[in-house]
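Peer 1: take this sequence and fold it.
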Amino acid sequence: MSYFKNVNQVKFEGSRSENPFSYKYYNPEEQINGKSMEEFLRFAVSYWHTFTGEGNDPFGSGTAVRPYNHLTGMDLAKARVEASFEFFEKLGVPYFCFHDIDIAPESDSLSETFKNLDEIVDMIEEYMKTSKVKLLWNTANMFTHSRWVHGAATAPNADVFAYAAAKVKKGLEVGKRLGSENYVFWGGREGYDTLLNTDMGLELDNLARFFHMAKDYAKEIGFDAQ
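Peer 2: Numbering: from 1, shown residues only. You can find the predicted model right below:
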């Protein structure tokens, strides 16, 4: 199924072009000091804004209308993969990036969530075999669910810390499978509300332990991304 039937391949046409679906200044093949513009400008399509975000904000519900919005669960996740690779190809971008639950739905249990993730990663891996697009970075979403209200690696709850560690472990494995060039730690909920009820030293030590565990595991599985 084509999700962007009326959009042709977006190409460089110069600043005088009146085609709204063209690059006016970005010419991926243009050489600058011995390197192509594509090498200098490693543009990546963010999966969450482009395919999963609904356009909602604190003042109102989402307004993004997409042809797969009627789907749910894994059917929705698979349709997004199909749409995303068509989008990447037509845009001609070299990279994409995602959080784990951008590409696969979160379930009631961590094992079920990982099962969903594995199925979608299999699908993405197949698409990447016939596409030039590469994975610039991936990461674990540790901020959307209410379990992260007091942080992930800095959470005062050991169960939450362990849950976060499991997600990052899985994320490193996914990154290795898909050839990710980077792995991102985005601590959107890390930190504290007030020093009155926070053991700042302990939380920072736990954060350091978390990073060391991730680094050691990446080395163990041979994942050499930045």
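Peer 1: what's the neighbour count on Asn56?
Peer 2: Burial of Asn56, expressed as a neighbour count using other CB atoms under 10 Å, amounts to 11. Bear in mind the C-beta positions are built from the backbone N, C-alpha and C, glycine included.
Peer 1: list the contacts of the closest residue to it other than its chain neighbours.
Peer 2: With sequence-adjacent residues excluded and distances taken as CB to CB, 6 or more residues apart in numbering, Asn56 is closest to Gly62, at 3.9 Å. The neighbours of Gly62, taking CB atoms under 8 Å, 6 or more residues apart in numbering as the test, are 53-56.
Peer 1: quick one, phi/psi of the residue of the chain positioned farthest from its centre?
Peer 2: When distances to the mean C-alpha position of the chain are computed (CA atoms, centre = their mean), the maximum falls on Leu196, with 35.1 Å. For Leu196, the backbone dihedrals (degrees, to the nearest 10) come out as phi -70, psi -30.
Peer 1: coming back round to it: now the residue nearest to Asn56: how far from Val184?
Peer 2: Gly62 sits at a distance of 25 Å from Val184 (criterion: CB to CB, to the nearest Å).
Peer 1: same check on Leu136?
Peer 2: From Leu136 across to Val184, the span is 9 Å (CB to CB).
Peer 1: between the two, which contacts overlap?
Peer 2: Cys97.
Peer 1: more neighbours, the two?
Peer 2: Under the criterion of other CB under 10 Å, the comparison of Leu136 against Val184 puts Leu136 first, with 21 against 16.
Peer 1: just say helix, strand or coil for the more buried one.
Peer 2: Following DSSP: H, G, I helix; E, B strand; the rest coil, Leu136 is assigned to strand.
Peer 1: now the closest residue to it other than its chain neighbours: how far from Asp224?
Peer 2: In this structure, Leu136 finds its nearest non-sequential neighbour in Tyr95, 3.7 Å apart by CB to CB, 6+ apart. Distance check for Tyr95 against Asp224: by CB to CB, it reads 17 Å.
Peer 1: of those two, which one has the most company?
Peer 2: More neighbours sit around Tyr95 than around the other of Tyr95 and Asp224, counting by other CB under 10 Å; the figures are 17 against 9.
Peer 1: what's across from that one in the sheet?
Peer 2: Beta bridges link Tyr95 to Ala44, Lys134 when assigned by DSSP bridges.
Peer 1: that one touches Ser131, doesn't it?
Peer 2: No. Taking contact to mean CB atoms under 8 Å, the distance of 11.2 Å between Tyr95 and Ser131 leaves them out of contact.
Peer 1: and the pLDDT for Val10?
Peer 2: Val10 carries a pLDDT score of 97 in this model.
Peer 1: residues contacting it?
Peer 2: Contacts were defined as CB under 8 Å, 6+ apart; by that measure Val10 touches 21-23, 90-92.
Peer 1: let's have those residues in CSV, adding secondary structure and distance to Ile101.
Peer 2: Converted to CSV, the contacts of Val10 look like this (DSSP: H, G, I helix; E, B strand; the rest coil; distance: CB to CB, whole Å):
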residue, secondary structure, distance to Ile101
Phe21, coil, 31
Ser22, strand, 34
Tyr23, strand, 32
Lys90, helix, 26
Leu91, helix, 24
Gly92, coil, 27
